[in-house]
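S.K.: how does the following fold in three dimensions:
(2 chains)
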Amino acid sequence: MRLKTFPGGIHPHDEKHYSKSAPISDFPTPQRVIIHLSQHIGGPSTPIVQVGDEVLKGQKIAEPAGFVSIPQHASISGKVSKIAKFMHPTGTLSTAIEITSDGSDKMVELTDEQNYMDLSPAQMKERISEAGICGMGGAGFPTIVKLSPPEDKPIDVVILNGVECEPFLTSDYRLMLEHAAEIISGLKLIMKVVNARKGIIGIEANKPDAITLMEKLCAAEKNLEVVALKLQYPQGAEKQLIYAATRRKVPAGGLPMAVGVVVQNVGTAFAIYEAIRYKKPLIDRIISVTGSPVAKPMNLRAPIGTLYSDLVQHCGGTKEPVGKIISGGPMMGFSLPSLEAAMTKGSSGLVLFGEKAAKSLAEHTCLRCARCVDICPMNLVPSIIANAVKYKDLDMAVQAGLNDCIKCGSCAYVCPAQIRLVQYIDTGKIRYAEAQRKK
Amino acid sequence: MKDKYIVSPAPHVHDKSTVKNVMWNVIIALIPALIFAVYYWGIRALILTLTGAITAVITEAIIQKLRKVPVTVHDGSAFLTGMLLAYNIHVGAPIWLPIVGAIFAIGVGKQVFGGLGNNPVNPALLGRAFLLASWPTQMTAGWVAAKNSAMSGLNNLSRIATNLQELSPKAYELVTGATPLKVAQSLRDSSFVADINAQAGGLDLGSRIFGSLTEMETLKSLFWGNIGGCIGEVSAFALLLGAAYLLYKNIIEWRIPLFYIGTVFVLSFIFGGIPGSGTSVLLPFFHIFAGGLMLGAFFMATDYTTTPITKRGRIIFGIGCGLLTIVIRLVGGYPEGVSYSILLMNVFTPLIDRLTMPKAFGKVAK
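M.R.: Numbers count the residues shown, from 1 in each chain, chains lettered A, B, ... in the order given. From the prediction side, this is the model:
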């Protein structure tokens, strides 16, 4: 069978062998967690607790700030010990609520709605909204916003993203293997919410067992389809996945809803299922702790806000010197100066590199070899964008595709001159935003 | 755990390709042609090639020292330029020719503009153009025959007209004294054809010689390398072998060579015939295997810095090179037009890039 895919892209080593056979295990309640107010795209949540307050696990501790925002919940029980700036997994400092555990792990009361499939879309949305769910694949867009398209943009297809094209990461893979039925229920719930007729689960071909399992569970369902995708990065990027699975092209600068599609990560679908059936807020997630220095690479179900240092310690520490700490996958993740960051709802992986893998070569002049042009999944000219940014020619950068770049990093991956193309493009995006504000 | 880690922008993995790796792979791909050249012409082919390459490396190192920039000759790009320059010189040329050419190629063609990545035209071809303009005699006279072959490689011709020398001295001079492309060019001159035919007492020698260009024997010689020509042009087979390696290694891309060779193929069939003989379905094969087309299309027209980076731009570049090559070969003053056509198209590269900027995925044409 010919596997579906998108034009362009690269084929990095998938490196999933470290953690792919480690079943999901529960991380024991940590002594403290740091709940960031900014775990999503949109306004940072507003705290509704004060230092010294006692909180239960699952209790709401911050309200959404506006429509494009989400609430936050305590992920352990204990006392609010600090509200201050802490290291965010993107490497910046950001306001967060620190909770120190009381050891009891006492949780707010959950329900178990047997007829959860029969709830009205409005009730379902209410529960999703209350659970504080945002996209768990990395970008962290508030899920409720994605599931509330305007009237004139009907949705007919829901795609679950089980691609996990980032090297090393295996959290979505393990979730699909161990909670396939729940994910499918989540998909059906999303379809009900947006009134879609078709559900697709997209999985890359390097996860054949997940494909087989999902296919088996979807076999009886006429409107569900499992699509096996070619191993090609960035297969999991929203626009690329939509094109691979449906041949629909999201217009440049537009959203998936423009072509009648909603994409959700499989982890998000699982969280949606838990939120609607049990009214469980999003207080934990699966994270892969992996890489060659990790003594025992694992896929952990850990409370949101767990410190990276605690995760590594739980995995038996390190067995070789660490050169780089990557929050997320190695293609789009952030490298951190220390393990003091705490995981957020978008933290799918913590990857450690040894000293050799951490090294990179010095930048060379552009040869104009055009490899970046040939592989760009958005059909841009990365080298010209980077050069234009370097010489402060914003118009040229925009013409070469500055605003359409999805920052997947494929260009920098193949560049023989080791040019930090994504960094230039990032700088360009910031300058462009500044220029727009001044206008 | 220690407390200092590398913090850098994503991506944190790389395919391990480097400039050095790219350049040395191209050099490796050029080695089969050198082996064939040494086989046909002896060790002198190797000596001239190394002279060009080493001169280029030394020139680059000296200029970089003078410019007070890091010396980067280990990246192989200067070596490659020198090697390509020597490949454009015939084996009978004096030893100072590749030396002067390499100094010019690196000095004026590359370093003046700031070195690798900044030169507007292919330095090796610029060096060759400089040599051809300055020392046309040394660049063209004194072709050395390949072993077991008549000068032009048209050994089958001497078979069909053993007494060609008595029959028509001018025709004999033509088929023994030049490259196959020169033969093809001369035969397009109707007064020249009339001359040799008259010498032969009205025998249609022109058509017979022209016909021999597309005989299997000739095409085989062109393919395997049993012909007169420049060092690097000797065997289409050896060059294709190298090209296949570069395509497999993803170092060159198919668009430029395909459209370049394709254009020459089609146009030579349509326009390549001579009055009185017409064309032949085999004529395109003669045109793509003769001269420097394989070397040019796979190793010079694919030079990164001086060719378009957009996909459509590369197609335009390839077609443009093919068009100019055929124009020069068929109606121009030189028998061969590969190097000038690439140089000319190099100059158009910035314009082509500007006009062929791709539309982003999902962007609708306005």
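S.K.: so A:Pro23 makes contact with A:Ser171?
M.R.: No - using Cβ atoms under 8 Å, A:Pro23 is not in contact with A:Ser171; the gap is 11.9 Å. All C-beta atoms are positioned from the backbone trio N, CA, C, and that covers glycine.
S.K.: neighbour count: these two, which is higher?
M.R.: Shown here are A:Pro23 and A:Ser171; by other Cβ atoms under 10 Å in any protein chain shown, A:Ser171 has more neighbours (25 against 9).
S.K.: mind listing what that one touches?
M.R.: Contacts for A:Ser171 were tallied using Cβ atoms under 8 Å, 6 or more residues apart in numbering or on different chains; they are A:164, A:267, A:285-288, A:299, A:348-349.
S.K.: ranges for the helices of the stretch 51-200 of chain A?
M.R.: With DSSP state H, counting those that start in this stretch as the criterion, the stretch 51-200 of chain A has helices at A:121-130, A:143-146, A:171-178, A:180-194.
S.K.: including distance to A:Lys16 and mean pLDDT, could those go into TSV?
M.R.: Conversion of the helices of the stretch 51-200 of chain A to TSV gives the following (distance: least, Cβ to Cβ, whole Å; pLDDT from 0 to 100):
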stretch	distance to A:Lys16	mean pLDDT
helix A:121-130	30	95
helix A:143-146	26	94
helix A:171-178	7	97
helix A:180-194	18	96
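S.K.: can you list those helices in a markdown table and add distance to B:His287?
M.R.: Converted to a markdown table, the helices of the stretch 51-200 of chain A look like this (distance: least, Cβ to Cβ, whole Å):
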| stretch | distance to B:His287 |
| --- | --- |
| helix A:121-130 | 68 |
| helix A:143-146 | 59 |
| helix A:171-178 | 55 |
| helix A:180-194 | 60 |
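S.K.: to A:Ser69, which of those helices lies closest?
M.R.: helix A:143-146 (8.9 Å; Cβ to Cβ).
S.K.: pass me the low-pLDDT residue ranges in the chain, would you?
M.R.: Unless you meant another one, I'm taking chain A. Chain A contains residues with pLDDT under 70 at A:1.
S.K.: um, chain B though
M.R.: The model of chain B has pLDDT under 70 over residues B:1-3, B:142-166, B:176-178, B:365-366.
S.K.: mind giving me the domain split of it?
M.R.: B:19-140, B:155-216, B:252-355 (automatic domain parsing).
S.K.: what parts of the stretch 1-150 of chain A come near chain B?
M.R.: Within the stretch 1-150 of chain A, the positions adjacent to chain B are A:7, A:10, A:12-13, A:91 by Cβ under 8 Å from any Cβ of the partner chain.
S.K.: filter those down to just the ones in strands.
M.R.: Among the residues of the stretch 1-150 of chain A next to chain B, DSSP state E puts none in strands.
S.K.: the nearest residue to A:Ser45 once chain neighbours are set aside bridge partners, please.
M.R.: The spatial neighbour of A:Ser45 that comes closest, neighbours along the chain excluded (Cβ to Cβ, 6 or more residues apart in numbering or on different chains), is A:Ala62 at 3.7 Å. On the basis of DSSP bridges, A:Ala62 is bridged to A:Pro47, A:Gln72.
S.K.: count of residues packed around A:Ala62?
M.R.: 26.
S.K.: can you tell me which residues contact it?
M.R.: A:Ala62 neighbours (Cβ under 8 Å, 6+ apart): A:35, A:37, A:45-49, A:71-72, A:97.
S.K.: need those in a markdown table with distance to A:Gly236 and neighbour count, can you?
M.R.: Shown next, in a markdown table, are these (distance: Cβ to Cβ, whole Å; neighbours: other Cβ atoms under 10 Å in any protein chain shown):
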| residue | distance to A:Gly236 | neighbour count |
| --- | --- | --- |
| A:Ile35 | 27 | 30 |
| A:Leu37 | 27 | 21 |
| A:Ser45 | 27 | 26 |
| A:Thr46 | 32 | 14 |
| A:Pro47 | 33 | 19 |
| A:Ile48 | 35 | 14 |
| A:Val49 | 36 | 20 |
| A:Pro71 | 27 | 20 |
| A:Gln72 | 26 | 33 |
| A:Ile97 | 31 | 28 |
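S.K.: what is the nearest of those to A:Ala386?
M.R.: Using Cβ to Cβ, A:Leu37 is the member of the contacts of A:Ala62 that lies nearest A:Ala386, at 33.6 Å.
S.K.: is it true that the closest one touches A:Gln72?
M.R.: Yes - the pair A:Leu37 and A:Gln72 qualifies as a contact (Cβ under 8 Å) at a distance of 6.5 Å.
S.K.: now for these two: what residues contact both?
M.R.: Common neighbours of A:Leu37 and A:Gln72, using Cβ under 8 Å, 6+ apart, are A:45, A:62, A:97.
S.K.: what about A:Glu215, helix or strand, and which?
M.R.: Secondary structure assignment for A:Glu215, by DSSP states H and E: helix A:208-218.
S.K.: now A:Met191: how far from chain B?
M.R.: 24 Å (Cβ to the nearest Cβ, to the nearest Å).
S.K.: kindly apply the preceding question to A:Arg174 instead.
M.R.: Applying Cβ to the nearest Cβ to A:Arg174 and chain B gives a distance of 22 Å.
S.K.: now do the shared contacts for A:Pro23 and A:Ser171.
M.R.: A:Asn299.
S.K.: if we can go back for a sec, and the furthest pair within the contacts of A:Ser171?
M.R.: Maximum pairwise distance in the contacts of A:Ser171, criterion Cβ to Cβ, is 13.9 Å, between A:Glu164 and A:Arg285.
S.K.: what is the burial count for A:Lys60?
M.R.: With other Cβ under 10 Å as criterion, A:Lys60 counts 18.
S.K.: okay, it and chain B: tell me how far apart.
M.R.: For A:Lys60, the distance to chain B (Cβ to the nearest Cβ) stands at 33 Å.
S.K.: thinking that residue is in contact with A:Ile283, fair?
M.R.: No - checked against Cβ under 8 Å, the pair A:Lys60 and A:Ile283 is beyond contact range at 10.5 Å.
S.K.: name the residues contacting each of these two.
M.R.: Overlap between the contact sets of A:Lys60 and A:Ile283, as judged by Cβ under 8 Å, 6+ apart, is given by A:His73.
S.K.: which strand residues bridge the closest residue to A:Gln50 other than its chain neighbours?
M.R.: Distances taken as Cβ to Cβ, 6+ apart place A:Val80 nearest to A:Gln50, at 6.6 Å, with adjacent residues excluded. Beta-bridge partners for A:Val80, by DSSP bridges, are A:Ile99.
S.K.: so what's A:Val80 up against?
M.R.: By Cβ under 8 Å, 6+ apart, the contact list for A:Val80 reads A:49-53, A:55, A:61, A:97-99.
S.K.: give the contact list for the residue in the stretch 51-200 of chain A positioned nearest to chain B.
M.R.: As assessed by Cβ to the nearest Cβ, chain B sits closest to A:Pro167 within the stretch 51-200 of chain A, at 6.5 Å. By Cβ under 8 Å, 6+ apart, the contact set of A:Pro167 is A:12-16, A:233, A:329-331, B:13.
S.K.: now do B:Gly107
M.R.: Applying Cβ under 8 Å, 6+ apart, the residues contacting B:Gly107 are B:59, B:63.
S.K.: thinking again about what came up before, state the distance from the residue nearest to A:Ser45 to B:Ile328.
M.R.: 74 Å (Cβ to Cβ, to the nearest Å).
S.K.: same question for A:Lys4.
M.R.: On the measure of Cβ to Cβ, A:Lys4 and B:Ile328 end up 47 Å apart.
S.K.: number of residues surrounding the closest residue to chain B within the stretch 1-150 of chain A?
M.R.: Proximity of the stretch 1-150 of chain A to chain B (Cβ to the nearest Cβ) peaks at A:Pro12, 5.7 Å away. If you count neighbours by other Cβ under 10 Å, A:Pro12 ends up with 23.
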